[in-house]
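[1] Quick one: sequence plus predicted model below, questions after.
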Amino acid sequence: MQGGFTFAHGLVLIVAAACLLAISTANKDWKFGFSNHLPPHKGGSHHPKYRQAAPNKVIVGGSEGWRFNFSYTNWTFKNGPFYLDDNLVFKYDAPVDNNSIPHNVYLLRNHESFEKCNLKGAKILANVTDGGGDGFEFVLKKHKPHYFACGMHEGAHCRIGQMKFVVEPLPRPSLV
């Protein structure tokens, strides 16, 4: 048969029409152009349905707190990821007598300082009394590595007591 319309042609047209109807019904809210179902752009979204997850308040070391001979590197792997605007809370007892083991918190300059527990150029964040009560709080404001360590006894708590860890906060995910 040449050039004529056959039953097979009609059947193909009916199946194609049914498929198009099913697809258009499934995507009835689709609009040409910007889709509100995409994640927000880097600067955030102005769309009201996107909102940021609330910052976390995380006690460094959990119930162990900030103490000698605890693996904070393992703790960060188990408790991460950490996000921008999360609050790290360092809790430790203030020294009460000569038998107390005091602690503090330093922010080290770079990875090499972190590896060697080198306090040169480091910034002290909390002294030996700041960890009492509700603890000392540090807000992760920059998307960069933060190298934390106890600087007591010229870095001995860092070197032999494992009192150091690194955190690189991620951008906070948006909630839909």
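    Everything's here; your move. Residues are numbered from 1 along each chain as shown.
[2] For Arg172, list the residues it contacts.
    Going by C-beta atoms under 8 Å, 6 or more residues apart in numbering, Arg172 touches Gln52, Ala53, Pro55, Tyr83, Leu84, Asp85. C-betas here are computed from N, CA, C, even on glycine.
[3] Arg137 contacts Asn87, doesn't it?
    Just so we're on the same page, residue 137 is Glu rather than Arg. Yes: contact status for Glu137 versus Asn87: in contact at 5.1 Å, counting by C-beta atoms under 8 Å.
[4] Now do the shared contacts for these two.
    Lys57.
[5] Mind telling me what element Gly161 is part of?
    Following DSSP states H and E, there is no helix or strand that holds Gly161.
[6] in terms of contact, does Glu154 touch Lys120 like I think?
    No: the criterion here is C-beta under 8 Å, and Glu154 misses it with Lys120 at 10.5 Å.
[7] pLDDT below threshold where in this structure?
    1-5, 7-52, 176 (pLDDT under 70).
[8] all helices for it, in order.
    With DSSP state H as the criterion, the chain has helices at 7-26, 72-79, 111-116, 152-159.
[9] Sort out which residues of the shortest one are buried, please.
    Just to be clear, that refers to helix 111-116. Ser113, Phe114 (16 or more other C-beta atoms under 10 Å).
[10] For it, enumerate the helices and strands it packs against.
    Helix 111-116 sits against strand 146-149, strand 164-167, with contacts defined as 3 or more C-beta pairs under 8 Å, 6 or more residues apart in numbering; DSSP states H and E.
[11] 10 Å instead?
    The helices and strands touching helix 111-116, judged by 3 or more C-beta pairs under 10 Å, 6 or more residues apart in numbering; DSSP states H and E, are strand 105-108, strand 146-149, helix 152-159, strand 164-167.
[12] Count the residues that sit near Gly135.
    21 (other C-beta atoms under 10 Å).
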